[in-house]
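In: Predicted model and sequence below, questions to follow.
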Amino acid sequence: MSAPSRHRGPRVGRRPGRLHLGSLGWLLVAALTLGSAHATSYLRLTPDAMLTKADLVFVGTVSDLQVAVLGDAPWTRVTFRVDTPLEGVPAPAATTSPPGATSGGSSAAPSVTLEFLGGSVPGGPALTVGGMPSFTVGETVLVFAYDQRYASPIVGFRQGLWRVGAAGLRDEDGELLTVAAGGGLERGGTGSSLDAVVAAIRKRLAAPSGTP
């Protein structure tokens, strides 16, 4: 049986609440009043450290992008169809097959919506935050995120995001995500397959708290 979740229930497809500045927030305060801001300094975290901090962990496909003005600033709402829920995201819900169907029902994939400071609204404000992740509909990503409203909900501002490609999973700095010999995750190396990374994450999350 899987170990119980370490976190509260997730915000899945729900608008987050009050903005938390966090350790990176003061680097981004200027973004609320200026046309652009730069956030290039942040504490470098290991993948395993980020996994410990994350409330939401999943592999998902970007399904929708929208920009809305919240307060005086634009925020980009990114909706992910969750392909592989790992932490803080409910498993797909079974749906009932229509009368006469031969299958035993299907699973409706859950979705998660995260909001990122910045974006542009036609005829409205525009804001660019340096280093903020951007997304493309249809791309598949591995996400370590907080379940609170930060300027960027990604753990480590942008570090807990990997884009899935033919060569493996790459972070925003172009480094591959690799399963180390000891079973943990490390930045760099030759890279590991998505299946190997997912298996390593599941093993780490199922381990008792405090297990290295």
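Out: In hand now; what should we look at?

In: Tell me if R202 really is in a helix.
Out: Yes: when classified by DSSP: H, G, I helix; E, B strand; the rest coil, R202 is found to be part of a helix.

In: Which of the helices or strands spans the residue lying closest to it once chain neighbours are set aside?
Out: With C-beta to C-beta, 6 or more residues apart in numbering as the measure, L86 is the residue that lies nearest to R202, at 6.6 Å, once sequence neighbours are left out. Just so you know, the C-beta spots here come from the backbone N, C-alpha and C atoms, and that holds for glycine as well. Here L86 sits within strand 73-87, counting by DSSP states H and E.

In: and the spatially most central residue of the chain, what element?
Out: Taking C-alpha atoms, centre = their mean, the centroid of the chain lies closest to V143, which sits 3.1 Å from it. Assignment of secondary structure by DSSP H and E places V143 within strand 140-145.

In: Name the residues that touch that strand?
Out: Here strand 140-145 makes contact (C-beta atoms under 8 Å, 6 or more residues apart in numbering) with 50-51, 53-62, 80, 83, 112, 114, 135, 153-156, 160-164, 169, 177, 194, 197.

In: Mind giving me the ChimeraX select for those, buried ones only?
Out: Burial among the contacts of strand 140-145 is assessed by 16 or more other C-beta atoms under 10 Å; the matching ChimeraX selection reads:
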select :50,51,54,55,56,57,58,59,60,61,62,80,83,112,114,135,153,154,155,156,160,161,162,163,164,169,177,194,197
